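In: Predicted coordinates and the sequence they were generated for:
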Amino acid sequence: MKEIKRMLEVYKQIDLSARKVALATVVYVAGSAYRRPGARMLVTDDGRWEGAISGGCLEGDALRKARQVMLDGKPMVVRYDTMDDDANSLGIGLGCNGIIDVFIEPIDPANPANPIALLREFVQLRDKRVIATVYQSGWETGLSEGARFLLTDQTVENIPNWLRSDMNSVMHSGKPVTQLYEVNGGIVDVFIERIDPGIELVIFGAGYDTIPLTRLATEIGWQVTITEDCIAHLAPKRFPAATCLLYADAEAVTDKIPLTDRTAAVLMSHNYKYDMAVLTKLMTTDIPYIGVLGPRKRYEKMQMEWAKTDQHFSSMCLNRVHSPIGLDLGAETPDEIALSILGEIKAFFSQRSGGFLKEKPGPIHERLPVERVLA
């Protein structure tokens with residue numbers, strides 16, 4: 001989300017009457033690569049770029065290819081084979097041991113359906129959407145390279161039947177797919193990806209330790225809302241990067257904040273009664289992640305109070321509560337605690353354990369075969 005926003009900011013500053021623009025997108029990876037499918041790089045004809053498609057190894061060559069694309073006005077697919085450092089055509093040791101396909105396309109500002117326009121709409125609406133991009137196509141298919149199909153909760157029309165099932169599958173799983181299809185007797189290569197609005201962090205409490213948590217969360221591109229029942233703590237100068245500062249009491253706060261399946265709530269007011277009231281309200285919502293700062297006994301005391309007042313929540317509901325909050329990093333300072341909290345939240349939404357990668361058997365990412373078959 002942060003990379004997309006930055007590319008849109010750069011694009012907005014470009015004088016499109018004098019400059020040409022292209023977009024490079026990683027559409028397929030077999031084996032290992034620094035960036036995964038969906039990584040993007042915006043390029044202008046004067047040699048500037050924003051974003052990245054690798055760890056810095058491929059950008060120079062992709063820039064040269066993008067200049068040709070902008071000159072010709074026609075997209076191209078570039079394959080980078082990094083399986084053998086001694087044999088790669090770039091003459092540098094990439095060390096990735098993978099095959100990477102990059103789709104480079106010119107941007108037509110007059111086309112309302114160009115990829116930059118689609119990304120701008122996504123940022124404005126903050127919806128979850130699946131985009132299918134045709135990046136190679138035979139003439140007989142009737143599909144042009146760069147054609148796109150869009151699936152959202154509101155948009156389902158104009159998706160061909162041969163593509164609909166895979167787009168729905170990507171919407172459900174979140175995993176990008178690169179697939180071959182036979183259409184009208186020809187072959188079509190399609191990259192299908194889901195782009196998400198990112199994690200929305202809601203912090204209950206505006207104390208000193210909220211400052212580094214807000215700073216780090218916004219630095220990685222999350223939206224951050226800070227709410228308190230003491231307006232004096234919500235001075236904007238204390239939280240310049242926060243998306244929203246909200247003054248509300250514990251009983252009303254859940255009615256004023258939109259909670260989605262990408263929302264994480266962190267209770268860190270250091271006020272037991274306030275946290276207790278907020279947590280009780282949150283338990284009646286569908287918010288997927290609730291973190292409570294403090295020792296385990298604090299949360300156990302809250303559970304005992306629920307029992308005394310005859311309030312009961314299912315085990316599935318209780319499993320949403322993470323207390324003590326954070327990964328076991330040995331964190332001590334507010335900045336280290338913020339890192340621990342954000343690490344756990346990221347691991348939760350990525351459905352990962354948060355352990356050492358060296359102890360993970362097999363590759364870090366799912367490996368795809370070099371050759372693909374027709375769907």
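Out: All right, it came through fine.

In: In this structure residue 115 contacts residue 105, no?
Out: Yes - using C-beta atoms under 8 Å, residue 115 makes contact with residue 105 at a distance of 7.2 Å. For every residue, glycine as well, the C-beta is placed using N, CA and C.

In: hey, where'd the strands end up in the stretch 51-200 of the chain?
Out: 76-81, 98-106, 129-137, 148-151, 177-183, 186-195, 200-204 (DSSP state E, counting those that start in this stretch).

In: so which of these is the most packed in?
Out: strand 200-204 (a mean of 26; mean count of other C-beta atoms under 10 Å).

In: Which elements pack onto the helix or strand following that one?
Out: Moving toward the C-terminus from strand 200-204, the next helix or strand (DSSP states H and E) is helix 210-219. Counting contacts by 3 or more C-beta pairs under 8 Å, 6 or more residues apart in numbering; DSSP states H and E, helix 210-219 packs against strand 200-204, strand 223-228, helix 334-350.

In: Show the pLDDT at the closest residue to residue 286 other than its chain neighbours.
Out: Among residues not flanking residue 286 along the chain, residue 259 sits closest, at 7.1 Å (C-beta to C-beta, 6 or more residues apart in numbering). pLDDT for residue 259: 90.

In: now residue 91
Out: Note for residue 91: predicted pLDDT of 44.

In: buried sites along the helix or strand that residue 278 is a member of?
Out: Residue 278 belongs to helix 272-282 when assigned by DSSP H and E. Residues of helix 272-282 classed as buried: 274-280, 282 (neighbour count, 16 or more other C-beta atoms under 10 Å).

In: Going C-terminal from that helix, what's the next secondary structure element?
Out: By DSSP H and E, the next helix or strand past helix 272-282 is strand 289-292.

In: Direction included, what does that next one pair against?
Out: Next to strand 289-292 in the sheet, as set by DSSP bridges, lie strand 263-267 (parallel), strand 321-322 (parallel).

In: With distance to residue 55 added, can I get these in CSV?
Out: Putting the strands paired with strand 289-292 into CSV (distance: least, C-beta to C-beta, whole Å) gives the following:
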stretch, distance to residue 55
strand 263-267, 29
strand 321-322, 33
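
In: okay if I get these as TSV plus mean neighbour count and mean pLDDT?
Out: Output for those, formatted as TSV (neighbours: other C-beta atoms under 10 Å; pLDDT from 0 to 100):
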stretch	mean neighbour count	mean pLDDT
strand 263-267	26	97
strand 321-322	19	97
